[in-house]
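1. fold the following for me, if possible:
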Amino acid sequence: MKLQILLISGGCTALFAFAPLVHADPAKAEDECYNMAVHYTARGFYLSPTNTSGVGTAGFVVKVMIPVTKGLDYVIFVGGDKFAVDLDLYVYDEVGQLILDDRRDPRKSGANGKFAGAKFRAEYTGTVEAFVHIAVARGLASYALLVGRRGIESTPGEEPRSLGWEPTFKMGGSPTPAQPAPAPPTRPSPKQP
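-> From the prediction side, this is the model:
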């Protein structure tokens, strides 16, 4: 009986001691993504959630398929909570070639490691595979993923129109007045030679 009480009390003590390491915060991971998205929505990107979020320990990898259209610009954000020490993002095309990645070391780059992101222009219409990797975590970490695009899709068969540049707007003064129309040529009078 004493052994059971000792084991139960020891288990409860261990549970309370390690509880802070197991708590993930999915809301904080989504907040981190949306904080990054503010900068890009101001530049014409339409961002939408991918319904891809979750929790994992160090070494956890999740794959997300993202449809892309040739000529449009895309951004992919991964945000994490305070338990996600280092998040990495890898983006591959349909044939398995690495398009780009974000695997900055948070200790060397000065970043806090709670986010990763990639920006690219699609060179084909199809899908890309994005891999989210929780490289380093303290216990159970949360992640969330957002995808954004910028550009205008055209009718089928046409190339999509991409802005491809950051729009600038100029407010000039009133336009310069147009030159007056020239007077019609006059014909000589029949009475004068």
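
2. for Y34, grab phi and psi.
-> With angles defined as degrees, to the nearest 10, Y34 sits at phi -70, psi -30.

3. I66: what's it in contact with?
-> 50, 74, 76, 127-130, 147 (CB atoms under 8 Å, 6 or more residues apart in numbering). For every residue, glycine as well, the C-beta is placed using N, CA and C.

4. try T41
-> 47, 148.

5. ok, what's across the strand from V55?
-> S142 (DSSP bridges).

6. my read: R149 touches G44, true?
-> No - using CB atoms under 8 Å, R149 is not in contact with G44, being 9.8 Å away.

7. who has more neighbours, the two?
-> Shown here are R149 and G44; by other CB atoms under 10 Å, R149 has more neighbours (20 against 15).

8. mind giving me the packing neighbours of the helix or strand that contains that one?
-> Element membership of R149, judged by DSSP states H and E, is strand 141-150. Counting contacts by 3 or more CB pairs under 8 Å, 6 or more residues apart in numbering; DSSP states H and E, strand 141-150 packs against helix 26-41, strand 46-56, strand 61-68, strand 73-80, strand 84-92, strand 126-137.

9. so which of those is the most packed in?
-> Sort the helices and strands packed on strand 141-150 by mean neighbour count, taking mean count of other CB atoms under 10 Å, and strand 73-80 sits at the top with a mean of 24.

10. tell me the angle that one makes with strand 141-150.
-> Between strand 73-80 and strand 141-150, the angle comes out at 170 degrees (axes from the mean of the first three to the mean of the last three CA atoms, to 10 degrees).

11. what about Q97, neighbour count?
-> Residues lying near Q97 (other CB under 10 Å) number 7.

12. what does A141 give?
-> Residues near A141, counting by other CB under 10 Å, number 27.

13. work out for me the element L100 sits within.
-> L100 is part of strand 98-102, with elements assigned from DSSP H and E.

14. angle of that strand against strand 61-68?
-> Using the same axes, to 10 degrees: strand 98-102 against strand 61-68 is 120 degrees.

15. counting contacts, what elements does strand 98-102 pack onto?
-> Secondary elements touching strand 98-102 (3+ CB pairs under 8 Å, 6+ apart): strand 84-92, strand 115-121.

16. possible to save those strands as JSON lines with mean pLDDT?
-> Output for those, formatted as JSON lines (pLDDT from 0 to 100):
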{"stretch": "strand 84-92", "mean pLDDT": "92"}
{"stretch": "strand 115-121", "mean pLDDT": "88"}
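
17. of those strands, which is nearest V38?
-> Evaluated with CB to CB, those place strand 115-121 nearest to V38, the distance being 12.9 Å.

18. enumerate the positions of the closest one that are buried.
-> By neighbour count on 16 or more other CB atoms under 10 Å, the buried set for strand 115-121 is 115-120.
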